[in-house]
Every structure is written in C-alpha cells, then in structure tokens.
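Undergrad: How does the following fold in three dimensions:
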Amino acid sequence: MKNILIGLGGIILLVVMFYLWAGKVYDGAVAKQETVSQKWADVQSDYQRRADLIPNLVATVKGAAENEKNILTEVTNARAGISKATTPAEIDQHAATLNRAISIVFENYPEIRATENFGMLQSQLEGTENRIKKSRSDYNEAVKEYNSHIRGIWRTKALGMLGSLEDFPQKHHLKHKLEARTLLRLALNNSEYFESNRYYY
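TA: Predicted structure coming up:
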C-alpha cells in the first residue's frame, strides 16, 4: 500500500511539474508573439515614414504637376496597404510600389538634385532606409525566437492543452530583396552609400 501511495504521489508530482512547465511555455509563447507583433508594427511604421517622404520629394520639383497626382495616388494607396498588411508578401508588394514612385520622381525629374532641399531629403531617405533595414532584421529575429519556442512535440502538446494551437501559428520571415541596382544610384547619387546598403527594401 505504501508503495502504491508513493507511486501515485510521484505521478501527481510529475503531472504538477508538467503543468507548471506547460504554463511557462504558454506564457513564453504569448510574450514572444507580442514581440513579433510589435516588431511588425515597427516595420510598418518605417515604411510609412518612407511613404511620407515621397510627397516632399515631389514638392521640391517645379512643374511636376503633370505626374504628381498619379505618383501621390500610388503612394497614398501603398501607405494604406502597408498599414493593413498582415504578411511579409503583402508588405513587400506595397514597398515595391513606393520604390517605383521614388524611381519615377528621380528618373523624370533629374534636376531634383539641384534643388535647395535635396540634401536634407537625401539625408532623410538614407536614415529611413537604415531604419527599415534594422526593423526588418529585428522582426526576423523575433520571428526566429517565436518559431523556435512553439516547435517540438511536448511544446505543441503544452500549447494545445492550455489553449489552441491555432492561436500560435508559425510566422514567416521577411526575405531579403535585391532591388534594381540603379534605384539607389538614381535616388541618392552616392555610390559609397549604395555599396554599404546593397539590400534595398
């Protein structure tokens, strides 16, 4: 009888320990998921900051009214799309629209580099590209930690036992995209900056 009680006590202890461990796994998954969401919001914010700079570029060019409406409409739609994007593919699609808008401005109005405010806008563009590069990297790191945390047979069982596995789907990384190499040359006319930022997002 004593041995039976010891055995039952051992089983109960194991169950309690498993539930405590499962609780830590669940709470950790929630925290890491929140981190991924915050990093995603940072990516969206940085792309929106890029979108906000494009109308300023257009405004520096005299006589740009002919194409201004189309450019600004594309930028407005892309900015709205970025704010609603829920997947890396969606945000990259709208980011490509912003890239095209920047390219159109510099290709159609090369005199923009001689305008009074170009130096300031150039600096702001460079700063925005650096922020985008960092926020994408931070997001990917958060996704890596989250995906690693929710994987594994016992972790899956723990999450399914305390909640629903549908609440913790695997997240997708933002992929590095090497855009047309001429874009940064056209936009910044700075080969040194371009060579140190080969990936243009």
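
Undergrad: In this protein, where is pLDDT below threshold?
TA: 1-10, 61-68, 177-201 (pLDDT under 70).

Undergrad: Find the helix or strand that the residue nearest the centre of the chain is a member of.
TA: What sits nearest the mean C-alpha location of the chain, by Cα atoms, centre = their mean, is Val43, with 3.7 Å. Remark: Val43 resides in helix 2-59, with elements defined by DSSP states H and E.

Undergrad: circling back: distance of the residue nearest to the centre of the chain from Val58?
TA: Distance of Val43 to Val58, given as Cβ to Cβ, to the nearest Å: 24 Å. Any C-beta I mention is one placed from the backbone N, CA and C, and that applies to glycine too.

Undergrad: What number of residues are in the vicinity of Met120?
TA: Taking other Cβ atoms under 10 Å as the neighbour definition, Met120 ends up with a count of 11.

Undergrad: Could I get the full set of strands for the chain?
TA: Read by DSSP state E, the chain holds no strands at all.

Undergrad: Tell me where it has helices.
TA: 2-59, 65-84, 88-108, 118-150, 153-162, 182-188, 191-196 (DSSP state H).

Undergrad: List the buried residues for the fifth one?
TA: Spelled out, that is helix 153-162. Along helix 153-162, the positions that meet the burial threshold by neighbour count (16 or more other Cβ atoms under 10 Å) are 155, 158-159.

Undergrad: of the residues you listed, closest to Ala29?
TA: Sorting the buried residues of helix 153-162 by distance to Ala29 puts Leu159 at the head of the list, at 6.0 Å, by Cβ to Cβ.

Undergrad: quick one, what contacts the closest residue to His149 other than its chain neighbours?
TA: In space, and not counting its chain neighbours, His149 is closest to Lys32: 5.3 Å by Cβ to Cβ, 6 or more residues apart in numbering. Shown in contact with Lys32 (Cβ atoms under 8 Å, 6 or more residues apart in numbering): 142, 145-146, 149.

Undergrad: try 7 Å
TA: Applying Cβ atoms under 7 Å, 6 or more residues apart in numbering, we find Lys32 in contact with 145-146, 149.

Undergrad: Likewise for Asp42?
TA: Applying Cβ under 7 Å, 6+ apart, one finds that Asp42 lies in contact with 135, 138.

Undergrad: how about a cut-off of 10 Å?
TA: 131-132, 134-136, 138-139, 142 (Cβ atoms under 10 Å, 6 or more residues apart in numbering).
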